[in-house]
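# Turn this into a model:
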Amino acid sequence: MLYLVADPIAALRLEALNPSARSLDSMYEAGKDRHRTYEEMADAFLAPARSGLRSCAVLYGHPGVFGLPAHAALAQARAEGISARMLPAVSALDCLFADLGVDPGDTGMLCYEATYFLERTPPVDLDATLVLLQVGMIGERGGDPTPDAAGRFRELVDRLETLYGAATEAVLYTASPYPGAMPGIVRFPLGEPDPPGPDLAATLCIAGR
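All right, here's what the predicted structure looks like:
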């Protein structure tokens, strides 16, 4: 078993279930191209199967949501004639629907990675729910610290204020990684002079109208 999880408790649990489980977290390195890291992870996922063994990779959240290594490993496995499949799991987005009471069927939904949204400025339907993922890592490159994370988040909030107006409420949401623990939910108007800062796992949501 290979795994990539976001907290040590999950890692300990996996290693208790399978003492041979091995983390791939060490593949992240400062200054290393993130896509190269993902390619190496995909190769690591496939290595046991290429040797004729059954193997399993465990990733935090949903392996198919912001899960490039899993998608790459599946595509490569199928190209090589190796039987492989992805099992669904719970993502931060699924938790957001439950914790914030958001139903994408009511207004529709737009969902973007925050850096993409800020740099590409895609069109926005102001009546639809907007979800921006990884708002605490805007501009992150590889394993280096995120450059001016606070400034980039302020830039994002300013753009949203221009689109939606100062009185519109935004929610910084962080899903709980543990059963029974409460999520992080911070509400603020986009015109707030000093908006709250997001943590690394935060998602920003503006409800549809």
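
# Contact partners for residue 78?
When contacts are counted by CB atoms under 8 Å, 6 or more residues apart in numbering, residue 78 touches residue 84. Where you see a C-beta, it was placed from the backbone N, CA and C, and this is true even at glycine.

# Export the helix or strand where it lies to CSV, keeping only CA atoms.
In this structure, residue 78 is located in helix 68-79 according to DSSP states H and E. Only the C-alpha atoms of helix 68-79 are listed here, as CSV (Å, rounded to 0.1, in the frame of the first residue of the first chain):
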residue,chain,number,x,y,z
LEU,A,68,-3.6,14.3,-11.0
PRO,A,69,-1.3,11.5,-9.8
ALA,A,70,-4.3,9.1,-9.5
HIS,A,71,-5.7,10.1,-13.0
ALA,A,72,-2.2,9.8,-14.5
ALA,A,73,-1.7,6.3,-12.9
LEU,A,74,-5.0,5.0,-14.2
ALA,A,75,-4.5,6.3,-17.7
GLN,A,76,-1.0,4.7,-17.8
ALA,A,77,-2.2,1.5,-16.3
ARG,A,78,-4.9,1.1,-18.9
ALA,A,79,-2.4,2.0,-21.7
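
# Tell me which residues touch the residue positioned nearest the centre of the chain, please.
Per CA atoms, centre = their mean, the C-alpha nearest to the average position across the chain is that of residue 66, at 5.4 Å. Listed by CB under 8 Å, 6+ apart, the contact set of residue 66 reads 113, 133, 134.
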